[in-house]
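Sharing a model prediction with you, sequence too.
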Amino acid sequence: MDALPPAERPLVYECLVAGFAAVKPLPERLEERWNWLMAAHVVGQHRFDLHFDCHRRMLALARESRDWGEMAGQVQRLILLPVGHLTGRIPKGNTGRSTVGRTQVMEPPEAVQRLVDWAVLAVRIPALTQPPP
């Protein structure tokens, strides 16, 4: 997702964050909510402000769901985030969860990639307003 034009990146990110916010905070929808934030991370990790915002949201979701291991992982990521940007070590495709290595390059899971693709199209073709199933 590093090939996304700089002008589109914040728009795609905001589209994904809006998708996250639209999902009701119910326990049975927790995985769906994480998928939206992981997609936002894949898009936003190349800009410090978006990257920080995404991990802040991930920390809040971990706290809300009482996932203490995820909370600890997100705190670590927030602390180390400036170092990654200063050194240019931002791993392509990394979803930002504590279950994934901080420097692990990866292909996003299919559900996450589908959300990224939808958000890119929604920005490029504004009539697309409904998220994918």
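Received it, and whenever you're ready, just let me know what you need. Computed from a predicted model, the values in this text were never measured in an experiment.

contacts, neighbours, all on C-alpha from now
OK.

so which strand or helix has residue 86?
helix 68-87 (DSSP states H and E).

packing partners for that helix?
Using 3 or more CA pairs under 8 Å, 6 or more residues apart in numbering; DSSP states H and E, the elements in contact with helix 68-87 are helix 48-64.

How about residues contacting the helix it packs on?
With CA atoms under 8 Å, 6 or more residues apart in numbering as the test, helix 48-64 has contacts from 10, 13, 34, 37, 40-41, 44-45, 68, 70-71, 74-75, 77-78, 81-82, 85, 96-97.

pLDDT below threshold where in the chain?
1-2, 127-133 (pLDDT under 70).

Is it possible to mark the buried ones in the contacts of helix 48-64?
10, 13, 34, 37, 40-41, 44-45, 70-71, 74-75, 77-78, 81, 96-97 (16 or more other CA atoms under 10 Å).

was I right about residue 15 contacting residue 119?
Yes. Here residue 15 reaches residue 119: they are 5.9 Å apart, a contact under CA atoms under 8 Å.

which SS state does the closest residue to residue 116 other than its chain neighbours fall under?
Distances taken as CA to CA, 6 or more residues apart in numbering put residue 39 closest to residue 116, at 5.6 Å, once the chain neighbours are dropped. Secondary structure, DSSP: H, G, I helix; E, B strand; the rest coil: residue 39 is helix.
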